[in-house]
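Asker: A predicted structure for the sequence below; I have some questions about it.
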Amino acid sequence: MELGGFSVSLTVKDLKKSKAFYEALGFKVFHGDESQGWLIMKSSSCNIGLFQGMFDKNILTFNPGWDENANALQTYTDVREIQKSLKEKGIKLESEVDEAGTGPGSFTLLDPDGNPILFDQHV
């Protein structure tokens, strides 16, 4: 099962301060809109999303269909196939994608320690 690009989505109190902090660590803005309260920052193959006022907790994020540079993959495991496989393994989902749909979609689950995991397909 190919999960796609991985990033950590951090809930931040002050986007400008967080941006400056991660820039000091060598990250550069890769994508996002500061006026909307979010940025994706990149350092080598490491991606961190900074989100102000959007989430209650930090989130582990997988992007089926994308690599770590948000390039579309030629072959990948669709988010619906991943969801179906996890459900068959008895993993409880917090939200689900419509299995009859196609294209973009997302679902969420919690790991055993309550950490949210988002599977967010954009293609």
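Answerer: Perfect, I can see it now.
Asker: phi, psi for the most centrally placed residue in the chain please.
Answerer: The centroid of the chain falls nearest to residue 61 when counting by C-alpha atoms, centre = their mean (2.7 Å). The phi and psi values for residue 61, taken as degrees, to the nearest 10, are phi -130, psi 130.
Asker: how about the contacts made by it?
Answerer: Going by C-beta atoms under 8 Å, 6 or more residues apart in numbering, residue 61 touches 6, 7, 8, 9, 49, 117, 118, 119, 120. In this view, the C-beta of every residue, glycine as well, is placed from N, C-alpha and C.
Asker: turn the residues you listed into CSV, including distance to residue 69.
Answerer: Output for the contacts of residue 61, formatted as CSV (distance: C-beta to C-beta, whole Å):
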residue, distance to residue 69
6, 12
7, 11
8, 16
9, 17
49, 14
117, 21
118, 19
119, 18
120, 16
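Asker: mind putting those in a markdown table, pLDDT, neighbour count and distance to residue 20 included?
Answerer: A markdown table is the format used below for the contacts of residue 61 (pLDDT from 0 to 100; neighbours: other C-beta atoms under 10 Å; distance: C-beta to C-beta, whole Å):
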| residue | pLDDT | neighbour count | distance to residue 20 |
| --- | --- | --- | --- |
| 6 | 96 | 15 | 24 |
| 7 | 96 | 22 | 19 |
| 8 | 97 | 13 | 18 |
| 9 | 97 | 22 | 19 |
| 49 | 97 | 23 | 16 |
| 117 | 98 | 18 | 28 |
| 118 | 97 | 19 | 26 |
| 119 | 98 | 25 | 30 |
| 120 | 97 | 22 | 26 |
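Asker: rebuild those as JSON lines, extending it with secondary structure and distance to residue 87.
Answerer: JSON lines is the format used below for those (DSSP: H, G, I helix; E, B strand; the rest coil; distance: C-beta to C-beta, whole Å):
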{"residue": "6", "secondary structure": "strand", "distance to residue 87": "21"}
{"residue": "7", "secondary structure": "strand", "distance to residue 87": "24"}
{"residue": "8", "secondary structure": "strand", "distance to residue 87": "25"}
{"residue": "9", "secondary structure": "strand", "distance to residue 87": "23"}
{"residue": "49", "secondary structure": "strand", "distance to residue 87": "26"}
{"residue": "117", "secondary structure": "strand", "distance to residue 87": "14"}
{"residue": "118", "secondary structure": "strand", "distance to residue 87": "16"}
{"residue": "119", "secondary structure": "strand", "distance to residue 87": "12"}
{"residue": "120", "secondary structure": "strand", "distance to residue 87": "18"}
